[in-house]
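>>> give me a model of this one.
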Amino acid sequence: NGGHLRCVLTDLRTSDETAQNQRMDAVKEHAQAETSSLQKKATDLHTAYTNAEKMHAKCEADENAITPKVNEALKDYEAKKASWQNFRTKFAKFLGPDGNPIPQTNPSDRQKLTQ
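The predicted structure follows:
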């Protein structure tokens, strides 16, 4: 026992072959994760595209249904506007700028105009 201490060293480093296999496994896992992520994005984009196509088709159908009604309403508006202008022209001497009968108008005529 002369005061000597024994020490045992163990090399914990991995061999080149094991390190290379671990790197290959890590690269495979990373590639698989990336592929899975890209597949999910592609599926999400396809779903969004399909929904957009459906919405576009619905909008076109709505437009095709509404357009004739709008055109008919415009024609009706123009006809009523022309009728109103014709009325205003015929009775301009009886009506003021605000469209109400002027006070000098005969009371019986004024009553007929407001009916």
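
>>> where in this structure is pLDDT low?
For the chain, residues meeting the criterion pLDDT under 70 lie at 1-2, 10-11, 94, 99, 101, 103-107, 109-115.

>>> repeat that with 80
For the chain, applying pLDDT under 80 flags the ranges 1-14, 88, 90-115.

>>> tell me, which helix in this structure spans the most residues?
Counting by DSSP state H, the longest helix found in the chain is helix 16-90.

>>> which strands or helices does it pack on?
With contacts defined as 3 or more CB pairs under 8 Å, 6 or more residues apart in numbering; DSSP states H and E, helix 16-90 has no helix or strand neighbours. Where C-beta positions appear, they are placed from N, C-alpha and C, glycine not excepted.

>>> pull stretch 36-48 out as PDB, backbone CA atoms only.
Extracted in PDB, the C-alpha atoms of stretch 36-48 (Å, rounded to 0.1, in the frame of the first residue of the first chain):
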ATOM      1  CA  SER A  36     -44.600  14.400 -44.200                       C
ATOM      2  CA  SER A  37     -44.800  18.200 -43.600                       C
ATOM      3  CA  LEU A  38     -44.800  18.900 -47.400                       C
ATOM      4  CA  GLN A  39     -47.500  16.200 -47.900                       C
ATOM      5  CA  LYS A  40     -49.700  17.900 -45.300                       C
ATOM      6  CA  LYS A  41     -49.100  21.300 -46.900                       C
ATOM      7  CA  ALA A  42     -50.000  19.900 -50.300                       C
ATOM      8  CA  THR A  43     -53.200  18.300 -48.900                       C
ATOM      9  CA  ASP A  44     -54.200  21.600 -47.200                       C
ATOM     10  CA  LEU A  45     -53.500  23.600 -50.400                       C
ATOM     11  CA  HIS A  46     -55.500  21.100 -52.500                       C
ATOM     12  CA  THR A  47     -58.400  21.400 -50.000                       C
ATOM     13  CA  ALA A  48     -58.200  25.200 -50.100                       C
END
